[in-house]
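In: Attaching a predicted model along with its sequence, questions to come.
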Amino acid sequence: MHPVMEDQLHLLNLKMAAWSREFDHIFHIVNADAALQSVARQHNSTSDVSDFIQTAGPHIKTIIVEALGRRAVKVEMTYGPLPDSKTPSSPIALTFGVVLSKHDFKDTLDRGPEANTAAASKFRQFWGDAASKLRRFPDGSMAEGVSWPATTESEKRMICGDIVRQALRRHAAIGKTSVVYVGNLWDDVLKLQRVKFPPQMPVRSPTAEEYFSQIKHLYDGLSEDLRKMADLPLNIVSIRSTSPVVRSTEVFPPIPAALSADKVQAERQPYLQTIPVQVVMEGSAKWPNERNAVARLKTAFQLKLMEHLKGLDYFVTVADVEALRVWKAGYCFTVEVVYLGEVPLSRKVVLPDGRLKLEDTPQFLILKEKFDLNPKLASAIGGVVGQDESFGTACRIAKRWISSQLLHHYVPDEAVELIMAQIYVRPQPLETPAVPDVAFLRFLSLIATHDWHKSPLIVDFKKDMTHAEIAAIKADFTDKRKSFPLMSIITHFDATSHWTRNGPSAVILKRLGLLAKVSLLTAEAGRLSGTAFDSKTIFRPPASDDWDCLIHLKPIIAARRHEALDLTDDVLAAFQTSTDHLDNSKKKLKPIKANKLPVLDLSHGNIAKPDNRLLLDFDAVNEYVAALRETFGELAYFFVDPHGGTVVTVVWKTAQFKTVVWDGEEECLTGGRMTEKEEKGKRRTALKLSPNIAAMVEDFRLLGNGLVWHVEIRPEKWRI
């Protein structure tokens, strides 16, 4: 290819990459030369229509702008080879980018002019008699209108695609197959697999947004019922929830407990997530100044709450001394009475001489996060959700991507929500995303390009920070860099980046940036390609030989197996033989097939009165990996996808694998070996400790007894 042509193609690809993050919807008109030539002839008095695409393009754009109407804020057009084309001689495509109106683009009805007017006649002519109908609207007026059938949220996000196809078919004779409309690329990564829901549950799109709406409605109803209590000695100040389920940012909605403990084995029970609710009582001199007395008073309030709720068609049980389990429509809310004065009380420490000392005790830090910081975060994120409907789904996609890259444990969910919030509260110079897809691309771009070492991410939820205030935050960050986390996210209610104080580490942060960069390039190319694109590609962990050990778990016991990315009828684990011992011996393994995993049938369960014997908030895989990290975290990284992952990837921390002399005082979990040495003519025995790999691998099996299928090791690549 000529260098000039190469440069032109490169510039075109750069322009299209920027388009991918700017426009909410992108579509291509391909293989429609005859139709475009016809449009060009209609608008060109000369017979020369050799450049028919350039001639027809503006007229096609006019049709699209009129068809979309108030749904589109901006429509742009370009033409040339598709970005995945290898040469400029490839077929030329017309490509359109649309910035959508976030308030209007999902409307299922386009209202036209009032009946019996010239404008109504023009409107009917544009859409045709079959589409445009005379309708009576809620205000009593009669007007033309076009209805676009869509039931679920996913379908509503693609209404604009239906509008564009119909308008182009009617006014330019361009068939539906020639319009490649790109949208809802990553809806399927949020889809629960092999689950049959109760018939009374709402209509479910792949993203299950309707379920979050239902849970929010149930939460609002519970809050209202709690506020009706009138016989309490103290008033209820507020009722709040810090759960990402309520603010619609949890990756998957909780599964309703339409199960019976008699019909499902405990080890095969699906993950049942509870939703925490805090009932905040007013401060008063009636509260005692001693924490044990406060706990007893809170228990008394909880008994009152239980009595009240049982009379309002709630199924209520006692979870523990601190919370009630309140069931409604199959979902479990854990209701806890909160006294905010308990937070400063937890700082009091009694010295041996009886004096009081104030210090940041572990309990204080826990309560500070639970009752102060988490509610502030929930309120701020909830505000963004209320303003932008796509935010919740965008957060869920981003969290799913983090989990699929096996980094969930090392990158906090709160950090993901805060980074995504930055995309929405400060989108300039672009428009605020109207759809989750483009928000996710901008999330990847921010992760890949932000210099975390030199600058914090400042999320201005209130949108009122001045340039001077931002400059002061950055200056303070630079002066005190070592006191801030590697990934620092600053807000008006958190100046120390509380949620990232324990990670990610430098190694994880670097890997996160590299993965985001590669995923962004792949996603943009797929979104702009104009051909079939496996959108799940970037949600599969990259193939790598950097692992030292793989712990394969039994899928049937994975409580969150229905959240897996690729749960199909194919063989999940095709290991007929595998290295399972340090001597490289082979062990015959029986493959596990997905079609042997039972469908989770919730269609016949009793959601009005759930079985109280069901395990709540229990995930055997999560508990097992947590035990591994607690026991061997100093010697290895443990990576797993919490959403249906059944393989734990182990990477040794080789820097920690050093032989040391043991003085007999410190506890050691890695094993050791005895050696003899001469010292000043005297023979004495010293104990040298080195990692006992064989014992560790055996412990992997023992800790996961009943859960671990087999352990695959690669001793040939170890450098220990």
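Out: Perfect, thanks for sending it.
In: Residues in contact with the longest helix along the chain: which ones?
Out: Taking DSSP state H as the criterion, the chain has its longest helix at helix 506-528. With contact meaning CB atoms under 8 Å, 6 or more residues apart in numbering, helix 506-528 is reached by 16-17, 19-21, 26, 82-84, 95, 182, 185, 401-402, 405, 407, 410-411, 437, 440-441, 444-445, 447-448, 452, 486-487, 504, 533-535, 537-538, 542. Glycine gets a C-beta too; all of them are placed from N, C-alpha and C.
In: Repeat that for stretch 604-618.
Out: 198, 200, 256-262, 266, 269, 271-274, 315, 317, 325, 327, 329-330, 332, 559.
In: Give me the buried subset of these.
Out: 198, 256-259, 269, 271-274, 315, 325, 327, 329-330, 332, 559 (16 or more other CB atoms under 10 Å).
In: Give me the residue ranges of the stretch 51-200 of the chain where confidence is low.
Out: Low-confidence segments of the stretch 51-200 of the chain, defined by pLDDT under 70: 83-91.
In: Now do the strands in it.
Out: 72-81, 92-100, 109-114, 132-136, 142-147, 179-182, 195-196 (DSSP state E, counting those that start in this stretch).
In: quick one, what contacts Thr152?
Out: Applying CB under 8 Å, 6+ apart, the residues near Thr152 are 203-205, 209-210.
In: in the longest helix of the chain, what counts as buried?
Out: 508-509, 511-513, 515-516, 519-520, 522-528.
In: That helix vs strand 92-100, what angle?
Out: Helix 506-528 runs at 120 degrees relative to strand 92-100, counting by axes from the mean of the first three to the mean of the last three CA atoms, to 10 degrees.
In: Quick one: mean pLDDT for helix 506-528?
Out: Averaging pLDDT along helix 506-528 gives 92.
In: again, but for stretch 255-266
Out: 73.
In: cool, stretch 420-432 as well?
Out: The model assigns stretch 420-432 a mean pLDDT of 93.
In: What residues of it count as buried?
Out: Applying 16+ other CB under 10 Å to stretch 420-432 flags 420-425, 431-432 as buried.
In: was I right about Ala421 contacting Val384?
Out: Yes. The criterion here is CB atoms under 8 Å, and Ala421 meets it with Val384 at 5.4 Å.
In: what sits in contact with each of the two?
Out: 391, 461.
In: related to what we said a few turns ago, return the most buried member of the strands of the stretch 51-200 of the chain.
Out: strand 92-100 (a mean of 23; mean count of other CB atoms under 10 Å).
In: so what secondary structure elements neighbour it?
Out: helix 3-22, strand 25-29, helix 52-68, strand 72-81 (3 or more CB pairs under 8 Å, 6 or more residues apart in numbering; DSSP states H and E).
In: Most tightly packed of the ones you listed?
Out: By mean count of other CB under 10 Å, the helices and strands packed on strand 92-100 have strand 25-29 as the most buried, with a mean of 24.
In: Residues contacting that strand, please?
Out: Outside strand 25-29, the residues touching it (CB under 8 Å, 6+ apart) are 19-20, 36, 60, 82, 93-98, 100, 160-161, 164, 168, 174, 178-183, 435, 527-528, 530.
In: before we move on, what about stretch 554-568?
Out: 189, 192-195, 251-252, 255, 267-271, 404, 536, 539-540, 572-573, 592, 594, 596-597, 600, 618-621, 641-646, 706-709.
In: Ile423 is in contact with Phe443, correct?
Out: Yes. Between Phe443 and Ile423 there is a contact at 5.9 Å, judged by CB under 8 Å.
In: returning to that earlier point: quick check: the two most widely separated of the contacts of Thr152?
Out: Val203 and Glu209 (10.4 Å; CB to CB).
In: Those two: who's more crowded?
Out: Glu209 (24 against 9; other CB atoms under 10 Å).
In: List the ones among the contacts of stretch 604-618 that fall in helices.
Out: Per DSSP H, the contacts of stretch 604-618 never map to helices.
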